[in-house]
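[1] A structural model of the following input is requested.
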Amino acid sequence: MILLKNAEVFAPQRLGHRDVLVAGGKVVAMAAHLDVPPSWSVEVLDVQGQRLIPGLIDGHTHLAGGGGEAGAATRVPSVSLTQLTLAGVTTAIGLLGTDARTRTIAELLACARGLSDLGFNALCYTGSYEVPPTTLTGSVRGDIVHIDRIIACGELALSDHRSSQPTFDEFVKIAADCHVAGMMTGKAGLLHLHMGDGKRGLSLIQRALDETELPPRTFHPTHVNRQKWLWQDAKALARRGCVVDATAFPADEDGLSAAAAMADWLDSDLPRERLTVSSDGGGCLPTFDRDGVLLHMDVGRSAALLDEIRVLVHDGRSLEDVLPFVTSHVAKHFRLPGKGRIAVDADADLVVLSESLAVHHVIIGGQWFVRNGVPVRRGLFETVETL
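    Sure, this is the predicted structure:
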């Protein structure tokens, strides 16, 4: 049992100063003042007014590593436990990207299970950029229904030179499998869509909404802030009921940063819960020329999520307005009812932030992972802190 005293709680809505009692992996009590009997074995930590927030949910992470578009030497290593926890991330959803040949769903699932064995909340998608989707059971529906940690399909690539260029019929068949599998299991049942720079943009999704009975929540396009025109189309798609995802990658003059995207969303009349933000952690962030030749590449980091939050708070935005994009909105869309919020009976996935919004403490499932900015739980093969 852990009792956090004198925390300024953002649940993610601001609740003011509260004491929070954790037991059995859950938040079991929260009040302005809590005392426990002396006979109880409770660790008491006074956080002295620091901000207590729900653990971040990174809905797009290459847990097994991404890259590989310019040869084997450009394959990004798998993501380590501390890369996630030091970023304040307590739940991550892993996926494959371009490479579904030297990377496999089996490898991705093993990475998710390995992190879960360490106490971290790790889930994953089936599929990749490719059509037909790469699966374990032979179908998207089978993977979501039968495999514990697989909750959705992605990231299927659209409007990108690396895409398999799916036809409309192929696209909606995959989406239908996701939707029905989600109904059968209570899992997310989403089709998570990598959006490239191509001029077709979101047209396949728009057509699916026009011509099929599939609900808008089925389609979850990501990287929608990579081009300003694509961002405007994504906002129009959100008005039709879709949830769209901005990526916390370095923005150039053609696109928007995740911070700018969140600010624009907050200033619009769009339903706030129809935007999520993810990091593309562990994935490569390539720049290609017009012939598809790689010019240079960077690597996504889960730490970018808090970086973007800090930018917004520094610019005068309230923490309670911006936190939901990486906590409660993600939890709601991916059907993770115990995540993304601080409440009695919710999962005890908690992050204490310093005055500068740096990660100070991290608790996952009621267990310490970071204390005073230092990891206290690492993966078996981690010898150094890396971000």
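[2] and A246, that one's in a helix?
    No - counting by DSSP: H, G, I helix; E, B strand; the rest coil, A246 is located in no helix; its state is strand.
[3] which residues touch L256?
    Contacts for L256 were tallied using Cβ atoms under 8 Å, 6 or more residues apart in numbering; they are 225, 228, 231, 246, 264. Yep, even glycine has a C-beta here, placed from its N, CA and C like the rest.
[4] ok, now with 10 Å
    Listed by Cβ atoms under 10 Å, 6 or more residues apart in numbering, the contact set of L256 reads 224-228, 230-231, 246, 262-264.
[5] Take these and lay them out in TSV including neighbour count.
    Supplementary listing: the contacts of L256 in TSV, determined by neighbours: other Cβ atoms under 10 Å:
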residue	neighbour count
V224	26
N225	28
R226	19
Q227	22
K228	14
L230	25
W231	19
A246	29
M262	27
A263	20
D264	17
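[6] if I've got this straight, A175 is in a helix?
    Yes - per three-state DSSP, A175 lies within a helix segment.
[7] Does it touch T212 like I think?
    Yes - using Cβ atoms under 10 Å, A175 is in contact with T212, at 7.9 Å.
[8] who has more neighbours, those two?
    Remark: of A175 and T212, A175 carries more neighbours, 25 against 15, as counted by other Cβ atoms under 10 Å.
[9] Low-confidence bits of the protein, can you list those?
    Low-confidence segments of the chain (pLDDT under 70): 68-70, 284-298, 383-387.
[10] domains for it, by residue range?
    2-53+340-375, 55-333 (automatic domain parsing).
[11] Can you dump the C-alpha atoms of stretch 302-309 in PDB for me?
    The C-alpha trace of stretch 302-309 is given here as PDB (Å, rounded to 0.1, in the frame of the first residue of the first chain):
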ATOM      1  CA  SER A 302       7.800   8.600 -26.100                       C
ATOM      2  CA  ALA A 303       9.400  11.500 -24.200                       C
ATOM      3  CA  ALA A 304       8.100  13.800 -26.900                       C
ATOM      4  CA  LEU A 305       4.600  13.500 -25.400                       C
ATOM      5  CA  LEU A 306       5.500  15.400 -22.300                       C
ATOM      6  CA  ASP A 307       7.700  17.800 -24.300                       C
ATOM      7  CA  GLU A 308       4.600  18.900 -26.200                       C
ATOM      8  CA  ILE A 309       2.600  19.200 -23.000                       C
END
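[12] Just give me how far that stretch sits from the chain centre.
    Distance of stretch 302-309 from the chain centroid (Cα atoms, centre = their mean, to the nearest Å) equals 11 Å.
[13] can you check stretch 17-26 too?
    Taking mean C-alpha positions (Cα atoms, centre = their mean), stretch 17-26 and its chain are 24 Å apart.
[14] Buried residues, it. List them.
    Buried residues in stretch 17-26, counted by 16 or more other Cβ atoms under 10 Å: 18-23, 25-26.
[15] where exactly do the helices run in the stretch 201-350 of the chain?
    Using DSSP state H, counting those that start in this stretch, the helices found in the stretch 201-350 of the chain span residues 203-211, 228-239, 258-266, 304-314, 319-322, 328-333.
[16] Which stretch among the domains of the chain approaches E382 most closely?
    When these are ranked by proximity to E382, the top entry is domain 55-333, at 5.4 Å, counting by Cβ to Cβ.
[17] before we move on, back to that, so what's in contact with A175 and T212 at the same time?
    T218.
[18] Output stretch 253-265 as PDB, nothing but the C-alphas.
    Backbone C-alpha positions of stretch 253-265 (Å, rounded to 0.1, in the frame of the first residue of the first chain) are rendered in PDB as follows:
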ATOM      1  CA  GLU A 253       6.900  24.300 -42.300                       C
ATOM      2  CA  ASP A 254       4.500  22.000 -44.100                       C
ATOM      3  CA  GLY A 255       2.900  20.600 -41.000                       C
ATOM      4  CA  LEU A 256       2.000  21.300 -37.400                       C
ATOM      5  CA  SER A 257       3.700  20.200 -34.200                       C
ATOM      6  CA  ALA A 258       1.600  18.200 -31.800                       C
ATOM      7  CA  ALA A 259       1.500  21.200 -29.500                       C
ATOM      8  CA  ALA A 260       0.200  23.400 -32.300                       C
ATOM      9  CA  ALA A 261      -2.400  20.800 -33.300                       C
ATOM     10  CA  MET A 262      -3.700  20.500 -29.700                       C
ATOM     11  CA  ALA A 263      -3.900  24.300 -29.300                       C
ATOM     12  CA  ASP A 264      -5.800  24.600 -32.600                       C
ATOM     13  CA  TRP A 265      -8.200  21.800 -31.500                       C
END
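[19] Just give me how far that stretch sits from the chain centre.
    The answer for stretch 253-265 is 17 Å, by Cα atoms, centre = their mean.
[20] what do you get for stretch 111-131?
    12 Å.
[21] Columns distance to F381 on top of the domains of the chain, output as a markdown table?
    Putting the domains of the chain into a markdown table (distance: least, Cβ to Cβ, whole Å) gives the following:
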| stretch | distance to F381 |
| --- | --- |
| domain 2-53+340-375 | 14 |
| domain 55-333 | 8 |
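[22] Please work out which of these is packed deepest.
    Each of the domains of the chain was scored by mean neighbour count; the highest is domain 55-333, a mean of 20, by mean count of other Cβ atoms under 10 Å.
[23] so how far is the first residue of it from its last?
    From its first residue to its last, domain 55-333 covers 16 Å (Cα to Cα, to the nearest Å).
[24] Likewise for stretch 88-102?
    End to end - Cα to Cα - stretch 88-102 spans 30 Å.
[25] now swap in stretch 345-361 and tell me
    Using Cα to Cα, the end-to-end distance of stretch 345-361 comes to 21 Å.
[26] any idea which helix or strand carries V351?
    Using DSSP states H and E, V351 falls within strand 350-353.
[27] What's the first helix or strand after that strand?
    Taking DSSP H and E, what comes next after strand 350-353 is strand 359-364.
[28] and after that next one, which helix or strand comes next?
    Next element after strand 359-364 (DSSP H and E): strand 367-371.
[29] check contacts around S139.
    126, 132-133, 145-146, 174, 177, 181.
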